[in-house]
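*Asks:* Sequence first, then the predicted structure, then my questions.
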Amino acid sequence: MREIRIAIAGVGNCASSLIQGIEYYKALGEGHPDRALGLMHYDLGGYRPGDIQIVAAFDIDKRKVGRPLREAIFARPNCTKVFNESLPDYPVTVEMGEVLDGVAPHMEDYIEERRFIVAEKKPCDVVEVLRESDTDILLNYVPVGSEKATAIYAEACLKTGVSLINCIPVFIASSKSWAKRFEEKNIPIIGDDIKSQIGATIIHRTLTKLFEDRGVKIDSTYQLNIGGNTDFLNMLNHHRLKSKKISKTEAVQSQLQNPLKNENIHIGPSDYVPWLMDNKICFLRIEGRIFGNIPVSLELRLSVEDSPNSAGVVIDAIRCCKIARNRRVGGVLISPSAYFMKHPLVQFSDEKARDMVEEFIAGKREK
């Protein structure tokens, strides 16, 4: 009952931060004053971060495939901060996943330290690995734009009864056709595109809602993001950016009663700056008019380590998904998806979504 068995597709920076964090909070112990520092919930439905067990992992990079998980999360091109090296010897070896569209061709133009290097190995049978490892939940962390690769993992979940938490902007949980298939199989799913703890999207949504609630007429807004991790390098290919821009833009537009015209809103990754590593910098601007038709503008600069910024949210999503499995509730989990994800099936304000999640945890709301 206390163990949550998860598999991870994509052993990148986000996986590294998540795994480091699980062991970090587990090591602090019950009486430690910082045991809940940085977490939205320390105890969620009877589950704590240390109850999460990694039982399988998939990747396509030769520096990770075939290696023990505790080594793979620190292998290049990962570049997130190391805040916990005291990891156990997980009985998990990283399996070779399907490459498909998981690697953007333009990455060949960059040095090996920065890009993916595909392992020359035959892909494993994902369905078989999930079954043999007795996985409860699969986390999808494959690169942005990996639509075919994501579909492979989603199909594997449907075949095995494993839940899916889709942390990337490929639309599965927010797609009516995929959502229906998970509903028919009574398999819980949360998605799409993880919303960081204090990230560009949550801040932009909050400020947009504040402006509107205070009677400000918003005329235009932008959100520009730069970073130096593999995610930003991957997104230099603008074709792979399409779903990411949709996800981030709709997350903000959903907070407005009258959405802005396309020419008056610009949101999305802007450039790759190698020396920033896993640090993400956001430049945000909102222009509008207050009382008497007087102009007002706001500018904000956010600097944050990108991968740890999402890990605490994922820990909550994992535990909510496990609660749903215990209650035999399947299909898209509406309230967790609305609170934890940028592009859920149904959008709510963050305040409303948070209240819905608390009701879900308490058992007052099925989804």
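*Replies:* Here it is on my side, so go on.
*Asks:* Buried residues in the one helix or strand residue 149 maps to, which are they?
*Replies:* Following DSSP states H and E, one finds residue 149 within helix 147-160. By 16 or more other C-beta atoms under 10 Å, the buried positions in helix 147-160 come out as 147, 149-154, 156-158, 160. Bear in mind the C-beta positions are built from the backbone N, C-alpha and C, glycine included.
*Asks:* cool, and stretch 222-240?
*Replies:* Judged by neighbour count using 16+ other C-beta under 10 Å, the buried positions of stretch 222-240 are 222-236, 240.
*Asks:* which residues does residue 193 contact?
*Replies:* With contact set as C-beta atoms under 8 Å, 6 or more residues apart in numbering, residue 193 has these partners: 166-169, 244, 247-248, 341-343.
*Asks:* hmm, back to that, alpha carbons of the helix holding residue 149, in CSV - could you do that?
*Replies:* In CSV, the C-alpha atoms belonging to helix 147-160 read as follows (Å, rounded to 0.1, in the frame of the first residue of the first chain):
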residue,chain,number,x,y,z
GLU,A,147,4.9,12.6,-30.8
LYS,A,148,5.6,9.1,-32.1
ALA,A,149,7.8,8.1,-29.2
THR,A,150,5.1,9.4,-26.7
ALA,A,151,2.5,7.4,-28.5
ILE,A,152,4.6,4.2,-28.1
TYR,A,153,4.6,4.7,-24.3
ALA,A,154,0.9,5.6,-24.2
GLU,A,155,0.0,2.5,-26.1
ALA,A,156,2.2,0.4,-23.7
CYS,A,157,0.2,1.8,-20.8
LEU,A,158,-3.1,0.9,-22.4
LYS,A,159,-1.8,-2.7,-22.9
THR,A,160,-0.6,-3.1,-19.4
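*Asks:* Check which helices and strands that helix sits against.
*Replies:* If contacts are counted by 3 or more C-beta pairs under 8 Å, 6 or more residues apart in numbering; DSSP states H and E, helix 147-160 sits against helix 126-132, strand 137-140, strand 163-166, helix 176-184.
*Asks:* What mean pLDDT does the third one get?
*Replies:* Here strand 163-166 scores 99 as its mean pLDDT.
*Asks:* Helix or strand with the lowest mean pLDDT in the chain?
*Replies:* Among the secondary structure pieces of the chain, namely its helices and strands, strand 265-272 has the lowest mean (mean pLDDT, DSSP states H and E), a mean of 92.
*Asks:* Give the other helices and strands that that strand contacts.
*Replies:* The criterion is 3+ C-beta pairs under 8 Å, 6+ apart, and the helices and strands that strand 265-272 contacts are strand 217-227, helix 230-234, helix 242-253.
*Asks:* Looking at those, which is nearest to residue 27?
*Replies:* helix 230-234 (28.0 Å; C-beta to C-beta).
*Asks:* Need the max-distance pair from the contacts of residue 193.
*Replies:* Using C-beta to C-beta, the contacts of residue 193 span at most 15.4 Å, a distance reached by 166 and 248.
*Asks:* More neighbours: which of these two?
*Replies:* Applying other C-beta atoms under 10 Å to residue 166 and residue 248 shows that residue 166 carries more neighbours, namely 31 against 26.
*Asks:* which one is that one nearest to, not counting chain neighbours?
*Replies:* Closest residue to residue 166 apart from its sequence neighbours, by C-beta to C-beta, 6 or more residues apart in numbering: residue 191 at 3.3 Å.
*Asks:* So which residues lie in contact with the helix holding residue 149, not counting its own?
*Replies:* Under the contact criterion C-beta under 8 Å, 6+ apart, helix 147-160 has outside partners 9, 58, 97-102, 126-127, 130-131, 135, 138, 140, 142, 162-164, 166, 168, 170, 172, 178, 181-182, 185, 187, 189, 243.
*Asks:* Just the buried ones from the residues you listed, in PyMOL syntax?
*Replies:* Buried subset of the contacts of helix 147-160, written as a PyMOL selection, criterion 16+ other C-beta under 10 Å:
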select buried, resi 9+58+97+98+100+101+102+126+127+130+135+138+140+142+162+163+164+166+168+170+172+178+181+182+187+189+243
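*Asks:* Where does pLDDT dip in this protein?
*Replies:* Residue ranges of the chain with pLDDT under 70: 1.
*Asks:* one more time with 90, if that's ok
*Replies:* Regions of the chain meeting the criterion pLDDT under 90 cover residues 1-2, 29-31, 108, 238-239, 241, 268-270, 365-366.
*Asks:* Next one: the closest residue to residue 72 other than its chain neighbours from residue 9, what distance?
*Replies:* Taking C-beta to C-beta, 6+ apart, and ignoring the residues beside it in sequence, residue 72 has residue 64 as its nearest neighbour in space, at 4.0 Å. If you measure residue 64 against residue 9 using C-beta to C-beta, to the nearest Å, the figure is 12 Å.
*Asks:* How far does stretch 352-367 sit from its chain's centre?
*Replies:* The chain centre lies 20 Å from the centre of stretch 352-367; the measure is C-alpha atoms, centre = their mean, to the nearest Å.
*Asks:* which residues sit in contact with residue 220?
*Replies:* Contacts of residue 220 were listed using C-beta under 8 Å, 6+ apart, and they are 260, 264-265, 286-287.
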